[in-house]
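Asker: how would this look folded up:
(one chain, ligands or ions: 3)
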Amino acid sequence: MRRVGYWLSEKKKKRLNFEDQIPTFRDAGIELVKLNIDKSLELQGPFDLILHKCTLFMVDAEDGDEQSLDAINNIKEYISSHPDCILVDSFESIEKLIDRHEQYKLLLQCNLLKSESVVYTPTFVELSTKDRETNKQRLHEAEVKYPFVCKPIVAHGSSASHKMAIIFNEQGLEDIQPPCVAQTFHNHNAVLYKVFVIGEKHHIVERPSIKNFAAMDRSTIYFDSNDVSKPNCANFLTELDKEDLLRTPITPDDEILGDLANAVRRELKMELFGIDVIIDCDTKKYAVIDINAFPGYEGVENFMEILCDLLNSLMDKNDKVKTENERLSRKRSESSEAGDIKKPKLSNGNSGLQPAVCFERNPDTHEGDMLLPWKQPINGLLEH
Ligand SMILES: Nc1ncnc2c1ncn2[C@@H]1O[C@H](COP(=O)(O)OP(=O)(O)OP(=O)(O)O)[C@@H](O)[C@H]1O
Ligand SMILES: O=P(O)(O)O[C@H]1[C@H](O)[C@@H](O)[C@H](OP(=O)(O)O)[C@@H](OP(=O)(O)O)[C@H]1O
Ligand SMILES: [Mg+2]
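Answerer: Ligands and ions are numbered 1, 2, ... in the order given. Next up is the predicted model:
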């Protein structure tokens with residue numbers, strides 16, 4: 001039996017019905033161990049893998065809360081003293097998603113979004129002041145157009161992360177609540193696609209979304225994202241105006257969304273995340289508007305079985321790397337006198353790459369070819 005330590009909030013466990021899944025994990029050869037992250041994990045281990053969603057602690061730790069900081073450090077310390085233990089997902093990657101501005105910048109780094117593809121992220125800018133003229137200038141420079149959505153900079157953790165505003169004109173600039181990200185609003189006929197990623201697999205779920213708007217003389221609309229894009233949301237913001245009902249619905253292309261999932265996964269070095277995509281009514285292009293760490297996976301059939309498969313495949317690959325390392329290390333000590341293999345460098349789970357030994361290449365012997373850094377898999381998985 002493999003031992004997987006987990007930490008999820010009470011809300012998350014309830015939503016996923018996580019603790020009732022212990023038999024599913026057991027059938028997959030995994031013993032689930034609930035972590036007490038208020039204490040050192042040393043005596044609770046050993047663990048082959050740690051699965052977590054600690055976004056609230058991460059946000060509070062960033063704000064200086066000692067208890068949250070200690071909890072996060074307990075996980076980090078275990079990972080750094082047990083580099084063979086896999087962390088799903090790394091704090092480094094999740095941090096990038098917690099900050100919406102970092103998140104959108106990261107999207108611009110993805111090859112797929114950089115290229116002339118049908119996938120893009122709407123223009124955006126970080127706003128850190130209420131000063132009208134400064135904001136006007138920054139919006140102009142970043143080519144953010146009216147209407148735009150103002151989103152709190154912190155994307156996860158508390159209910160405040162989901163309180164947003166649609167600003168329609170210069171008068172609305174008064175309503176900006178810094179620190180936030182302003183992102184150009186794109187009409188998409190009130191349909192959102194959630195691309196739920198589980199390692200190499202992805203699953204697409206359709207959700208309600210905000211209706212079409214134009215830049216106009218109207219006052220700011222405040223909303224909570226939980227009221228617009230959860231299953232069965234229906235209200236004045238999600239109900240299309242009469243004229244928009246006539247537009248032909250667009251079916252998303254699974255290949256495009258699959259390529260997007262792969263591209264974001266490569267860039268983020270994460271296994272469990274969700275990408276929210278809307279399709280612009282006019283251009284028919286795919287706009288990525290949000291990425292969520294370890295989302296709800298609502299609507300994904302057999303999510304727990306797929307999750308078990310992912311965790312097992314990560315641990316299988318890790319085992320293979322460990323065996324190969326041991327073989328190379330034996331070989332190295334046998335031939336240490338010859339000096340033809342250089343010292344291995346060990347990386348741990350917090351680097352984004354899962355534990356793996358990276359050997360520098362010896363051009364004469366070709367020893368270590370299998371583990372050359374530029375052939376390293378993402379979190380133990382090779383590129384698609
Ligand atoms: N650029 C945009 N253009 C059009 N609509 C948008 C845009 N950005 C956000 N929306 C609408 O606002 C909703 C909430 O936005 P967003 O996904 O960024 O918030 P969130 O709080 O991160 O949501 P989630 O609960 O999915 O994490 C979206 O589901 C969509 O309906
Ligand atoms: O599965 P979808 O519909 O995408 O919804 C997710 C949201 O997108 C996330 O923002 C939620 O995370 P936070 O509660 O940490 O903000 C996340 O909360 P959860 O961790 O409690 O599941 C989900 O509500
Ligand atoms: Mg989100």
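
Asker: What segments of the stretch 251-384 of the chain are helices?
Answerer: Taking DSSP state H, counting those that start in this stretch to define them, one finds helices in the stretch 251-384 of the chain at 254-268, 303-334.

Asker: most tightly surrounded among those?
Answerer: Highest mean neighbour count of the helices of the stretch 251-384 of the chain: helix 254-268, a mean of 19 (counted as mean count of other CB atoms under 10 Å). Where C-beta positions appear, they are placed from N, C-alpha and C, glycine not excepted.

Asker: for that helix, packing partners?
Answerer: Secondary structure elements in contact with helix 254-268, counted by 3 or more CB pairs under 8 Å, 6 or more residues apart in numbering; DSSP states H and E, are helix 91-98, helix 100-109, helix 111-114, strand 119-120, strand 191-198, strand 201-208, strand 272-279, strand 286-293.

Asker: and it, average pLDDT?
Answerer: Per-residue pLDDT values across helix 254-268 average out to 96.

Asker: Stretch 24-41: how far from the chain's middle?
Answerer: Taking the mean of its C-alpha atoms, stretch 24-41 sits 22 Å from the chain's own mean (CA atoms, centre = their mean, to the nearest Å).

Asker: show me the contacts for the residue nearest to A28 when sequence neighbours are not counted.
Answerer: What sits nearest to A28 in space, not counting adjacent residues and going by CB to CB, 6 or more residues apart in numbering, is C308, at 3.7 Å. When contacts are counted by CB atoms under 8 Å, 6 or more residues apart in numbering, C308 touches 24-25, 28, 30.

Asker: Next: R26.
Answerer: R26 neighbours (CB under 8 Å, 6+ apart): 1, 32.

Asker: repeat for D38
Answerer: 67, 70-71, 74.

Asker: With K211 instead?
Answerer: By CB under 8 Å, 6+ apart, the contact set of K211 is 189-190, 237-241, 244.

Asker: can we see that at 10 Å?
Answerer: Under the criterion of CB atoms under 10 Å, 6 or more residues apart in numbering, the contact partners of K211 comprise 187-190, 228, 236-241, 244.

Asker: Those residues in helices, which ones?
Answerer: In helices, defined here by DSSP state H, the members of the contacts of K211 are D244.

Asker: Buried ones among the contacts of K211?
Answerer: When these are checked for burial by 16 or more other CB atoms under 10 Å, the buried set is 187-190, 228, 237-238.

Asker: Now compare the residues you listed and name the two farthest from each other.
Answerer: The most widely separated members of the buried ones among the contacts of K211, counting by CB to CB, are N187 and V228 (14.5 Å).

Asker: re the thing from before, in TSV, list the contacts of K211 along with pLDDT and distance to ligand 2.
Answerer: TSV is the format used below for the contacts of K211 (pLDDT from 0 to 100; distance: CB to the nearest ligand atom, whole Å):
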residue	pLDDT	distance to ligand 2
N187	96	21
H188	96	16
N189	95	19
A190	95	16
V228	95	11
F236	90	21
L237	94	16
T238	94	14
E239	92	20
L240	90	21
D241	88	25
D244	85	24
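
Asker: Flag every residue of the stretch 101-250 of the chain that's near ligand 1.
Answerer: Applying CB under 6 Å from any ligand atom, one finds that the stretch 101-250 of the chain approaches ligand 1 through 122, 149, 151, 155, 161-162, 183, 185-186, 188, 192, 209-210, 225, 228-229.

Asker: 8 Å instead, please
Answerer: Remark: the part of the stretch 101-250 of the chain in contact with ligand 1 comprises 122, 148-149, 151, 155-156, 161-162, 164, 183-188, 190, 192, 194, 207-210, 223, 225-226, 228-230, 238, using CB under 8 Å from any ligand atom.

Asker: Mind checking which of the residues you listed are buried?
Answerer: Members of these that pass the buried threshold by neighbour count (16+ other CB under 10 Å) are listed as 122, 148-149, 151, 155-156, 161-162, 164, 183-188, 190, 192, 194, 207-210, 223, 225, 228-229, 238.

Asker: before we move on, back to that, nearest to ligand 3, out of the helices and strands packed on helix 254-268?
Answerer: Counting by CB to the ion, ligand 3 lies closest to strand 286-293 out of these; the figure is 4.3 Å.

Asker: Any part of the closest one near ligand 3?
Answerer: Yes. Using CB under 5 Å from the ion, strand 286-293 reaches ligand 3 at 290, 292.

Asker: can you tell me if that strand touches ligand 2.
Answerer: Yes. Remark: strand 286-293 sits within contact range of ligand 2 at 290, 292-293, by CB under 8 Å from any ligand atom.

Asker: Note down every partner strand of that strand and its orientation.
Answerer: In the sheet containing strand 286-293, the strands it pairs with under DSSP bridges are strand 119-120 (parallel), strand 272-279 (antiparallel).
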